[in-house]
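> give me coordinates for this.
(one chain, ligands or ions: 1)
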Amino acid sequence: MSQNSVFEMALEQLGDAAKRLKLDSSIQRVLSHPERELTVACPVVMDDGRIEVFTGHRVQHSSARGPCKGGIRFHQNVDIDEVRALAMWMTWKCAVVNIPYGGAKGGVQVDVTKLTPNEIRRLTRRFTVGIMPIIGPHSDIPAPDVNTNAETMGWIMDTVSMFQGSTVLDIVTGKSIDLGGSLGRREATGRGVMFNTLELLKREKRDPKKTTVAVQGFGNVGSVSADLLNKEGCRVLAVSDVSSAYYCEKGLPIADMIQYCSTSKNHLLEGFTAPGVSKIGMDELLELDVNVLIPAALEKQITPKNADRIRAEYIVEGANGPTMPEAERLLLKKGKIIVPDILANSGGVVVSYFEWVQSIQSFFWDEEEVNRNLQRVIVSSFDAVWKMHEKESTDMRNAAMMIAVGRVAQAIKQRGIFP
Ligand code: NAD
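Take a look at the predicted model:
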């Protein structure tokens, strides 16, 4: 496997599940190819009058089970290979939690720290127009991902609405509440990470109050996961973002750190101080002696190089694709349990689905109802994956993939291959 291809990593995971499912090789071939890919050039007039051109992609991996669904990422490392992998993982994620969506993903190769808010807004609108031929409330519904948020979704919704001549609320999820977003959507991925972690601790007969946690990434997913696990009594010993990493033996003041990031430069942790809190190395965080490690930043953080030094017993993948397959094999050999991304971080797409349903019906639920339904979906999905992991004596990723790939394969078989 090439060291740089995340899509090859995703194909390897598909291959493992296909083998165990004894999947028809022609269905595996279909699933190995994204249905549709669009690459667009996005010229943007910068604030100083210069024109910069950014490259963006939207990949629809599978619509076998319903409209394609997946986030949009703004990051300097975005390329078609990464977007392809992320789109495929979205297909499995929607299938493992059994919501009626296929998988897609989008991304623009851009370092947002080098753009002003106005430049980001113009880029978002131009990218939206670029991918408009293939997105739609019943074909492909974007959502936030790394470096995009409710504000970005509002711009996408507005851009599509301007062309349509009427407001199209259900074109994106992850919108602000004022624009028809769902209560609980912002916290949903982190809340799902928390529910998954608690389910795992329950199966392992561990008391959350005696559980220590380290979280890599302090954005939407990482900060909410840390905050909610802290509220459940876990001791969050370490967190990091792209700027710096922090440690406190007694447990970090997570609420204060979230508050700090709300006004700090680029919303980063850099410069945070509090009694008993010390700065640690970025790589050190992954190797701490904690019970639970939550990688919630980017893919390929746990590598064959550092896997041997990972001391956490449990890894709950808040991020997509944080563990490389070779590293995973090493960790599994040592008896570690990995709750795979497609299950661990599925809370976001589950509440995105609730938001889409609410937008279509123009009937909105209260937050308690959103969270209760999210818990119901996560707990039952975790249970199904755990049972499969026990029945098949396989790891949780393979178990989750067997359920997900099995469902998508079944949909393809029942629809038949067109024409
Ligand atoms: P975000 O942009 O809100 O946060 C990303 C965080 O990771 C930031 O704190 C950033 O500083 C940090 N980071 C980046 N590189 C790092 C590094 N090398 N070391 C440590 N920290 C680093 O993004 P997000 O929405 O929280 O997404 C994080 C991950 O979760 C991604 O893999 C994303 O695909 C996945 N995910 C997000 C959602 C969602 O609803 N937002 C849903 C499912 C999965």
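> hey, let's count contacts and neighbours off CA atoms from now on
Will do.
> for whichever strand or helix holds V215, which strands pair with it and how are they oriented?
Per DSSP states H and E: V215 is located in strand 212-216. Strand 212-216 sits in its sheet next to strand 235-240 (parallel), strand 292-295 (parallel), going by DSSP bridges.
> turn those strands into TSV, including mean pLDDT and distance to V44.
As requested, these are exported to TSV (pLDDT from 0 to 100; distance: least, Cα to Cα, whole Å):
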stretch	mean pLDDT	distance to V44
strand 235-240	98	32
strand 292-295	98	33
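> redo those strands as TSV? Include distance to the ligand.
Formatted as TSV, these follow (distance: least, Cα to the nearest ligand atom, whole Å):
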stretch	distance to the ligand
strand 235-240	5
strand 292-295	8
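> can you list the domains in the protein?
Per automatic domain parsing, the domain ranges recorded for the chain read 6-14+27-172, 188-339.
> can I get those in a markdown table with mean neighbour count and distance to V351?
Below are the domains of the chain laid out as a markdown table (neighbours: other Cα atoms under 10 Å; distance: least, Cα to Cα, whole Å):
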| stretch | mean neighbour count | distance to V351 |
| --- | --- | --- |
| domain 6-14+27-172 | 20 | 10 |
| domain 188-339 | 20 | 6 |
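> sheet partners, orientation included, of the longest strand along the chain?
In terms of residue count, the longest strand belonging to the chain (DSSP state E) is strand 51-62. Applying DSSP bridges to the sheet, strand 51-62 is found paired with strand 36-45 (antiparallel), strand 102-109 (antiparallel).
> give the other helices and strands that the very next helix or strand once past it contacts.
On the C-terminal side of strand 51-62, the closest following helix or strand by DSSP H and E is strand 68-75. Identification of packing neighbours for strand 68-75 by 3 or more Cα pairs under 8 Å, 6 or more residues apart in numbering; DSSP states H and E yields strand 51-62, helix 80-96, strand 102-109, strand 140-144.
> can you pull out the low-pLDDT segments for the protein?
Confidence mapping of the chain against pLDDT under 70 gives the ranges 1-3.
> for it, what lies in contact range of the ligand?
Residues of the chain lying near the ligand by Cα under 6 Å from any ligand atom: 144-147, 189, 216-222, 240-242, 296-299, 318-320, 345, 348.
> can you tell me which of the residues you listed are in helices?
Those of the residues of the chain next to the ligand mapping onto helices are 189, 220-222, 348, per DSSP state H.
> how about whichever helix or strand R186 is part of as CSV, C-alpha atoms only?
Using DSSP H and E, R186 falls within helix 185-203. Once non-C-alpha atoms are left out, helix 185-203 reads as follows in CSV (Å, rounded to 0.1, in the frame of the first residue of the first chain):
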residue,chain,number,x,y,z
ARG,A,185,-26.4,19.2,15.6
ARG,A,186,-23.3,21.2,16.6
GLU,A,187,-22.6,18.8,19.5
ALA,A,188,-23.9,15.7,17.8
THR,A,189,-20.6,14.1,16.7
GLY,A,190,-18.9,14.7,20.1
ARG,A,191,-22.1,13.4,21.8
GLY,A,192,-22.0,10.3,19.7
VAL,A,193,-18.3,9.8,20.6
MET,A,194,-19.3,10.1,24.3
PHE,A,195,-22.2,7.6,23.9
ASN,A,196,-19.9,5.1,22.1
THR,A,197,-17.2,5.5,24.8
LEU,A,198,-19.8,4.9,27.6
GLU,A,199,-21.1,1.8,25.8
LEU,A,200,-17.6,0.4,25.4
LEU,A,201,-16.8,1.1,29.1
LYS,A,202,-20.1,-0.7,30.0
ARG,A,203,-19.2,-3.8,28.0
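> what's the distance between the residue nearest to V40 when sequence neighbours are not counted and V83?
Spatial nearest neighbour of V40, excluding adjacent residues (Cα to Cα, 6 or more residues apart in numbering): G56 at 5.2 Å. From G56 across to V83, the span is 10 Å (Cα to Cα, to the nearest Å).
> shared neighbours of those two, which are they?
Here G56 and V83 have 106-107 as joint contacts, going by Cα atoms under 8 Å, 6 or more residues apart in numbering.
> all helices of the stretch 301-419 of the chain, in order?
325-333, 341-344, 347-361, 367-391, 396-415 (DSSP state H, counting those that start in this stretch).
> so which of those helices comes closest to N266?
The closest of those to N266 is helix 347-361. By Cα to Cα, the value is 23.1 Å.
> quick one: R29 from E35, how far?
Per Cα to Cα, R29 is found 12 Å from E35.
> ok, for G281, nearest residue in space, not its chain neighbours?
Per Cα to Cα, 6+ apart, closest to G281 is A245, 6.2 Å.
> repeat that for P137.
Using Cα to Cα, 6+ apart, the closest residue to P137 is I171 (4.5 Å).
> dump the residue contacts of the one you found.
Counting by Cα under 8 Å, 6+ apart, the residues that I171 touches are 135-137, 140-142, 157, 160.
> pick the one among these closest to the ligand.
The closest of the contacts of I171 to the ligand turns out to be P142 (Cα to the nearest ligand atom; 11.0 Å).
> show me what contacts the closest one?
Applying Cα under 8 Å, 6+ apart, one finds that P142 lies in contact with 69-72, 105-106, 135, 171-173.
> got it, and V59?
V59 touches 34-38, 83-84, 87, 104-106, counting by Cα under 8 Å, 6+ apart.
> what does the strand holding V215 rub up against?
Strand 212-216 has contacts (Cα under 8 Å, 6+ apart) with 222, 226, 234-241, 285-286, 288, 290-297.
> can you dump the C-alpha coordinates of that strand into CSV?
C-alpha atoms of strand 212-216 as CSV (Å, rounded to 0.1, in the frame of the first residue of the first chain):
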residue,chain,number,x,y,z
THR,A,212,-8.8,8.7,32.0
VAL,A,213,-8.9,10.1,28.5
ALA,A,214,-6.7,12.0,26.1
VAL,A,215,-8.2,13.8,23.1
GLN,A,216,-6.2,14.8,20.0
